[in-house]
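Peer 1: this one's sequence-less:
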Ligand code: COA
């Protein structure tokens with residue numbers, strides 16, 4: 001049988017650690033408020049590395065763990081909402097730095113669900129276009145679009161990157177997946193790009209510069225979406241939650257995850273969480289957590305893991321993987 005497996009994982013986060021107490025020196029907040037409302041203790045904030053720099057370091061680890069060379073990579077799909085530049089894509093910068101000269105490279109944008117979308121796109125392209133080894137990356141420097149004067153958002157986010165090598169194989173390591181978009185409420189989480197401005201516009205209306213969020217609306221969306229997405233992907237795979245060893249959710253808020261565990265009537269230990277150390281790193285959160293899960297729990301061949309994401313768009317999706325290495 002021909003299938004697709006995750007052959008290697010990697011992650012990298014900036015060395016600059018900003019804990020809640022330090023944030024209290026910048027905005028009117030406290031360790032107690034952030035910890036009880038979100039579960040976040042600290043986040044890594046870049047001072048000298050852009051999104052591509054984080055991605056390149058994560059990819060080097062993933063390629064090494066997959067025991068392949070850069071020239072074996074023929075596809076790079078990078079999920080980000082904080083690219084280095086508008087042109088070229090961050091994936092192109094990563095391709096050049098890694099010497100992946102045989103690859104086709106591009107970015108995708110699906111906010112915090114970006115990695116789930118990228119995995120699904122890479123899987124489909126490997127199947128349809130006969131690619132052999134894809135780098136699938138989630139990489140972000142949210143710190144450059146966060147308003148550091150807005151305590152309702154700046155305490156939540158962090159910078160980082162995670163990557164996997166997705167390879168053609170005789171085994172099937174992607175059991176089931178789906179991606180969906182419900183754009184009706186996209187206004188509840190937005191981050192602007194350049195203004196529309198040209199010599200033909202009389203009254204130039206300036207965009208706001210930073211990320212803006214209706215926290216409570218997003219919280220409601222997230223809690224129902226995680227639960228429904230896990231149920232949907234299990235149903236598609238004809239599996240039950242008892243057959244799953246770990247769930248790696250998008251790392252936004254511990255209360256969202258605890259609420260989901262309660263609704264699904266499962267032990268919250270089944271959810272792998274690391275948001276206390278990184279905050280919400282958007283598209284990077286799932287691959288960073290998957291790499292850490294693999295390192296810490298020593299994933300065994302045959303382990304079944306659900307990856308589940310939700311975010312701006314509003315986007316959501318889930319994947320069931322079987323660990324095959
Ligand atoms: N420190 C101290 N106080 C803060 C604060 C901060 N960092 N941020 C907000 N507050 C205040 C508010 O001003 C408000 O004060 P008020 O009652 O005097 O008006 C109070 O705390 C409660 O604010 P509220 O927005 O009701 O808090 P909440 O319990 O809804 O928690 C979030 C806020 C953002 C943590 C929560 O809504 C959330 O996690 N939403 C989902 C966000 C998310 O995951 N986004 C990414 C999705 S991919």
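Peer 2: It's in. Computed from a prediction, not measured in an experiment: that's the story for all the values here.
Peer 1: and residue 295, that's in a helix?
Peer 2: Yes: counting by DSSP: H, G, I helix; E, B strand; the rest coil, one finds residue 295 located in a helix.
Peer 1: Return the nearest residue of the stretch 101-250 of the chain with respect to the ligand.
Peer 2: Here the stretch 101-250 of the chain gets closest to the ligand at one residue, residue 215, 3.0 Å apart by Cβ to the nearest ligand atom. Placement of C-beta: from N, CA and C, glycine included.
Peer 1: what's the neighbour count on residue 256?
Peer 2: The tally of other residues near residue 256 (other Cβ atoms under 10 Å) stands at 22.
Peer 1: Actually, residue 258.
Peer 2: Other residues lying near residue 258 total 15 when counted by other Cβ under 10 Å.
Peer 1: so how far is the ligand from the nearest residue to it once chain neighbours are set aside?
Peer 2: Spatial nearest neighbour of residue 258, chain neighbours left out: residue 268 (5.7 Å); criterion: Cβ to Cβ, 6 or more residues apart in numbering. Applying Cβ to the nearest ligand atom, to the nearest Å, the value for residue 268 to the ligand is 17 Å.
Peer 1: How about residue 93?
Peer 2: To the ligand, residue 93 is 25 Å away according to Cβ to the nearest ligand atom.
Peer 1: Contacts only, for that residue.
Peer 2: Contact analysis of residue 93 by Cβ atoms under 8 Å, 6 or more residues apart in numbering lists 52, 56, 84, 85.
Peer 1: returning to that earlier point: so the residue of the stretch 101-250 of the chain closest to the ligand makes contact with residue 151?
Peer 2: No: with contact defined as Cβ atoms under 8 Å, residue 215 does not count as touching residue 151 (11.1 Å).
Peer 1: The two - which one has more neighbours?
Peer 2: Neighbour count, other Cβ under 10 Å: between residue 215 and residue 151, residue 151 has more, with 18 against 15.
Peer 1: isn't the more buried one right up against residue 30?
Peer 2: No: counting by Cβ under 8 Å, residue 151 does not reach residue 30; the two are 10.0 Å apart.
Peer 1: State the distance from the residue of the chain most remote from its centre to residue 196.
Peer 2: Ranked by distance from the centre of the chain (Cα atoms, centre = their mean), the top residue is residue 202, with 39.9 Å. Between residue 202 and residue 196 the distance is 13 Å, computed by Cβ to Cβ, to the nearest Å.
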